[in-house]
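S.K.: Sequence plus predicted model, see below.
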Amino acid sequence: ETGVTQSPTHLIKTRGQQVTLRCSSQSGHNTVSWYQQALGQGPQFIFQYYREEENGRGNFPPRFSGLQFPNYSSELNVNALELDDSALYLCASSFHNYGYTFGSGTRLTVV
Amino acid sequence: KNEVEQSPQNLTAQEGEFITINCSYSVGISALHWLQQHPGGGIVSLFMLSSGKKKHGRLIATINIQEKHSSLHITASHPRDSAVYICAVRSRGASNFGNEKLTFGTGTRL
(Lines give C-alpha, C1' and ligand atoms only; values in the text may rest on other atoms or scores of the structure.)
Protein backbone atom coordinates (compact mmCIF):
# COMPACT_ATOMS: atom_id res chain seq x y z
CA GLU A 1 0.00 0.00 0.00
CA THR A 2 1.38 3.43 -0.92
CA GLY A 3 0.57 6.90 0.30
CA VAL A 4 -0.43 8.37 3.64
CA THR A 5 -4.07 8.21 4.68
CA GLN A 6 -5.57 10.46 7.33
CA SER A 7 -8.92 10.06 9.01
CA PRO A 8 -11.35 11.57 9.41
CA THR A 9 -11.18 14.19 6.66
CA HIS A 10 -13.39 16.64 8.49
CA LEU A 11 -14.43 16.91 12.10
CA ILE A 12 -16.44 19.32 14.24
CA LYS A 13 -15.91 19.31 18.00
CA THR A 14 -17.06 21.42 20.89
CA ARG A 15 -14.67 23.43 23.05
CA GLY A 16 -13.42 21.34 25.95
CA GLN A 17 -13.85 18.02 24.15
CA GLN A 18 -11.08 15.62 23.18
CA VAL A 19 -10.23 14.48 19.66
CA THR A 20 -8.16 11.70 18.10
CA LEU A 21 -6.85 12.00 14.56
CA ARG A 22 -5.33 9.05 12.73
CA CYS A 23 -2.62 8.62 10.13
CA SER A 24 -1.32 5.62 8.26
CA SER A 25 2.29 5.64 7.12
CA GLN A 26 3.53 4.92 3.64
CA SER A 27 4.92 1.44 3.30
CA GLY A 28 8.61 1.39 4.22
CA HIS A 29 8.47 4.59 6.25
CA ASN A 30 9.39 4.49 9.94
CA THR A 31 8.98 8.10 11.02
CA VAL A 32 5.79 10.11 11.30
CA SER A 33 5.40 13.82 12.00
CA TRP A 34 2.35 15.95 12.66
CA TYR A 35 1.71 19.56 11.69
CA GLN A 36 -0.96 22.15 12.43
CA GLN A 37 -1.88 24.55 9.65
CA ALA A 38 -4.07 27.51 10.52
CA LEU A 39 -5.95 29.22 7.72
CA GLY A 40 -3.60 31.23 5.51
CA GLN A 41 -0.49 30.07 7.37
CA GLY A 42 2.23 27.55 6.74
CA PRO A 43 2.17 24.28 8.68
CA GLN A 44 3.66 24.32 12.18
CA PHE A 45 5.56 21.31 13.51
CA ILE A 46 3.77 19.62 16.42
CA PHE A 47 5.88 16.52 17.04
CA GLN A 48 7.55 13.54 15.45
CA TYR A 49 7.57 9.85 16.32
CA TYR A 50 10.19 7.26 15.55
CA ARG A 51 10.15 3.68 16.86
CA GLU A 52 6.99 4.45 18.84
CA GLU A 53 8.60 7.24 20.82
CA GLU A 54 8.33 10.99 20.50
CA ASN A 55 11.71 12.33 19.41
CA GLY A 56 11.05 15.94 18.54
CA ARG A 57 8.42 18.47 19.53
CA GLY A 58 7.43 21.95 18.47
CA ASN A 59 5.96 24.71 20.58
CA PHE A 60 2.70 22.96 21.50
CA PRO A 61 1.29 22.35 24.99
CA PRO A 62 1.14 18.88 26.60
CA ARG A 63 -2.56 18.54 25.77
CA PHE A 64 -1.29 17.68 22.28
CA SER A 65 -0.05 14.11 22.50
CA GLY A 66 0.51 11.25 20.16
CA LEU A 67 1.18 7.60 19.62
CA GLN A 68 2.98 5.57 17.01
CA PHE A 69 2.10 1.91 16.60
CA PRO A 70 4.31 -1.05 15.59
CA ASN A 71 2.99 -0.80 12.01
CA TYR A 72 4.18 2.87 12.05
CA SER A 73 0.67 4.30 11.91
CA SER A 74 0.05 7.14 14.31
CA GLU A 75 -2.52 9.06 16.31
CA LEU A 76 -2.66 12.69 17.36
CA ASN A 77 -4.72 13.37 20.47
CA VAL A 78 -5.80 16.81 21.59
CA ASN A 79 -7.44 17.28 24.98
CA ALA A 80 -9.46 20.22 26.25
CA LEU A 81 -10.03 21.62 22.78
CA GLU A 82 -9.86 25.36 22.35
CA LEU A 83 -11.29 27.48 19.56
CA ASP A 84 -7.75 28.24 18.32
CA ASP A 85 -7.19 24.53 17.74
CA SER A 86 -9.37 24.85 14.64
CA ALA A 87 -6.98 24.09 11.78
CA LEU A 88 -5.91 21.59 9.17
CA TYR A 89 -3.85 18.84 10.77
CA LEU A 90 -1.34 17.22 8.46
CA CYS A 91 0.62 14.07 8.97
CA ALA A 92 3.71 13.09 7.02
CA SER A 93 5.64 9.85 6.99
CA SER A 94 9.26 9.48 6.02
CA PHE A 95 12.17 7.12 6.23
CA HIS A 96 14.61 8.70 8.69
CA ASN A 97 13.42 12.22 7.77
CA TYR A 98 14.08 11.69 4.05
CA GLY A 99 11.44 11.83 1.34
CA TYR A 100 8.35 13.02 3.17
CA THR A 101 4.93 11.84 2.01
CA PHE A 102 2.05 13.94 3.26
CA GLY A 103 -1.53 12.99 3.90
CA SER A 104 -4.45 15.12 2.74
CA GLY A 105 -5.10 16.35 6.24
CA THR A 106 -7.94 16.44 8.74
CA ARG A 107 -9.81 19.70 8.98
CA LEU A 108 -10.82 20.22 12.60
CA THR A 109 -13.36 22.85 13.55
CA VAL A 110 -13.87 23.66 17.22
CA VAL A 111 -17.08 25.49 18.07
CA LYS B 1 11.28 37.14 12.11
CA ASN B 2 10.26 33.77 10.66
CA GLU B 3 13.01 31.25 10.11
CA VAL B 4 11.70 30.69 6.57
CA GLU B 5 10.54 33.59 4.44
CA GLN B 6 8.90 33.29 1.04
CA SER B 7 8.18 35.88 -1.62
CA PRO B 8 5.93 36.86 -3.15
CA GLN B 9 2.95 35.90 -0.99
CA ASN B 10 0.61 36.01 -3.97
CA LEU B 11 1.36 35.73 -7.65
CA THR B 12 -0.81 36.03 -10.72
CA ALA B 13 0.62 34.86 -14.01
CA GLN B 14 -0.59 34.62 -17.55
CA GLU B 15 -0.54 31.20 -19.15
CA GLY B 16 2.89 30.58 -20.62
CA GLU B 17 4.74 32.95 -18.30
CA PHE B 18 8.02 32.06 -16.56
CA ILE B 19 7.58 32.54 -12.85
CA THR B 20 9.88 32.49 -9.85
CA ILE B 21 9.14 31.95 -6.17
CA ASN B 22 11.86 32.74 -3.66
CA CYS B 23 12.66 31.27 -0.28
CA SER B 24 15.17 32.55 2.27
CA TYR B 25 16.00 30.85 5.55
CA SER B 26 18.00 31.78 8.59
CA VAL B 27 18.87 28.42 10.16
CA GLY B 28 21.35 25.73 9.31
CA ILE B 29 19.64 23.06 7.26
CA SER B 30 20.22 19.53 6.07
CA ALA B 31 17.79 19.87 3.16
CA LEU B 32 15.15 22.13 1.66
CA HIS B 33 11.81 20.96 0.29
CA TRP B 34 9.48 22.58 -2.19
CA LEU B 35 5.90 21.49 -1.70
CA GLN B 36 2.66 22.08 -3.56
CA GLN B 37 -0.64 22.38 -1.69
CA HIS B 38 -3.97 22.28 -3.49
CA PRO B 39 -7.19 23.83 -2.16
CA GLY B 40 -8.29 20.54 -0.57
CA GLY B 41 -5.25 20.70 1.70
CA GLY B 42 -3.20 17.75 0.51
CA ILE B 43 0.50 18.42 0.07
CA VAL B 44 2.68 16.98 -2.67
CA SER B 45 6.44 17.01 -2.40
CA LEU B 46 7.98 18.54 -5.53
CA PHE B 47 11.68 18.62 -4.72
CA MET B 48 14.15 17.91 -1.96
CA LEU B 49 17.43 19.80 -2.35
CA SER B 50 20.64 19.94 -0.41
CA SER B 51 22.73 21.58 -3.13
CA GLY B 52 22.65 22.74 -6.73
CA LYS B 53 19.67 22.39 -8.98
CA LYS B 54 16.93 19.90 -9.82
CA LYS B 55 14.51 19.81 -12.73
CA HIS B 56 11.29 17.93 -13.24
CA GLY B 57 9.25 18.76 -16.31
CA ARG B 58 8.49 22.48 -16.26
CA LEU B 59 9.67 22.86 -12.66
CA ILE B 60 13.19 23.84 -11.69
CA ALA B 61 14.48 24.27 -8.14
CA THR B 62 17.80 25.78 -7.16
CA ILE B 63 19.50 26.31 -3.85
CA ASN B 64 22.46 28.43 -2.73
CA ILE B 65 23.59 27.10 0.63
CA GLN B 66 26.04 29.95 1.28
CA GLU B 67 23.36 32.57 0.71
CA LYS B 68 20.62 30.50 2.41
CA HIS B 69 18.32 31.00 -0.52
CA SER B 70 16.33 28.82 -2.86
CA SER B 71 14.15 29.49 -5.87
CA LEU B 72 11.39 27.53 -7.54
CA HIS B 73 10.84 28.31 -11.21
CA ILE B 74 7.91 27.28 -13.37
CA THR B 75 8.55 27.61 -17.05
CA ALA B 76 5.50 28.15 -19.30
CA SER B 77 3.00 28.32 -16.42
CA HIS B 78 -0.37 26.68 -16.91
CA PRO B 79 -3.72 27.08 -15.13
CA ARG B 80 -3.27 23.64 -13.55
CA ASP B 81 -0.22 25.02 -11.76
CA SER B 82 -2.55 27.12 -9.58
CA ALA B 83 -1.83 26.11 -5.99
CA VAL B 84 0.06 27.24 -2.92
CA TYR B 85 3.79 26.57 -3.13
CA ILE B 86 5.52 26.08 0.19
CA CYS B 87 9.20 26.06 1.02
CA ALA B 88 10.18 23.94 4.02
CA VAL B 89 13.62 23.46 5.53
CA ARG B 90 14.79 20.39 7.37
CA SER B 91 16.96 21.32 10.27
CA ARG B 92 18.87 19.11 12.61
CA GLY B 93 18.13 19.86 16.26
CA ALA B 94 20.59 17.39 17.71
CA SER B 95 23.28 15.06 16.50
CA ASN B 96 20.95 12.20 15.69
CA PHE B 97 18.63 12.31 12.73
CA GLY B 98 15.63 11.73 14.90
CA ASN B 99 15.44 15.32 16.10
CA GLU B 100 15.19 16.80 12.64
CA LYS B 101 12.04 18.73 11.86
CA LEU B 102 10.51 20.66 9.00
CA THR B 103 9.99 24.40 9.32
CA PHE B 104 7.66 25.85 6.73
CA GLY B 105 7.29 29.16 5.01
CA THR B 106 3.83 30.68 4.80
CA GLY B 107 3.51 29.78 1.13
CA THR B 108 3.06 31.57 -2.17
CA ARG B 109 -0.37 31.45 -3.73
CA LEU B 110 -0.12 31.14 -7.49
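M.R.: Yep, it's here.
S.K.: Need the residues that contact the helix-or-strand element of chain B with minimal mean pLDDT.
M.R.: Ranked by mean pLDDT, DSSP states H and E, the weakest helix or strand in chain B is strand B:100-104, scoring a mean of 85. If you take Cβ atoms under 8 Å, 6 or more residues apart in numbering or on different chains as the criterion, strand B:100-104 is touched by A:33, A:35, A:42-45, A:48, A:56, A:58, A:92, A:97, A:100, B:3-4, B:25, B:27, B:30, B:33, B:35, B:86-93. C-beta here means a position set from N, CA and C on the backbone, and glycine is covered the same way.
S.K.: out of the residues you listed, which are buried?
M.R.: The neighbour count (16 or more other Cβ atoms under 10 Å in any protein chain shown) marks A:33, A:35, A:42-45, A:48, A:56, A:58, A:92, A:97, A:100, B:4, B:25, B:33, B:35, B:86-92 as buried among the contacts of strand B:100-104.
S.K.: which bits of chain A sit near chain B?
M.R.: A:31, A:33, A:35, A:37, A:40-45, A:48, A:50, A:55-56, A:58, A:88, A:90, A:92, A:96-105, A:107 (Cβ under 8 Å from any Cβ of the partner chain).
S.K.: From these, which land in strands?
M.R.: Under the assignment DSSP state E, the residues of chain A next to chain B contribute A:31, A:33, A:35, A:37, A:44-45, A:48, A:50, A:55-56, A:88, A:90, A:92, A:98-102, A:107 to strands.
S.K.: quick one: low-confidence ranges for chain A?
M.R.: Across chain A, the ranges flagged by pLDDT under 70 are A:1-2, A:97.
S.K.: if you set the cut-off to 50 instead, what comes out?
M.R.: Residues of chain A meeting the criterion pLDDT under 50: A:1.
S.K.: Give me the buried stretch members for stretch A:21-32, please.
M.R.: Result for stretch A:21-32 [16+ other Cβ under 10 Å]: buried residues A:21, A:22, A:23, A:24, A:25, A:26, A:29, A:31, A:32.
S.K.: And stretch B:72-92, end to end?
M.R.: For stretch B:72-92, the separation between the terminal residues is 23 Å (Cα to Cα, to the nearest Å).
S.K.: nope, stretch B:7-26 is what I meant
M.R.: 15 Å.
S.K.: and it with chain A, contact?
M.R.: No - contact of stretch B:7-26 with chain A (Cβ under 8 Å from any Cβ) is absent, the minimum separation being 9.6 Å.
S.K.: List the buried residues for that stretch?
M.R.: Neighbour-count burial for stretch B:7-26 [16+ other Cβ under 10 Å]: B:11, B:19, B:21, B:23, B:24, B:25.
S.K.: Same check on stretch B:27-41?
M.R.: Neighbour counts using 16+ other Cβ under 10 Å place B:29, B:31, B:32, B:33, B:34, B:35, B:36, B:37, B:41 of stretch B:27-41 among the buried residues.
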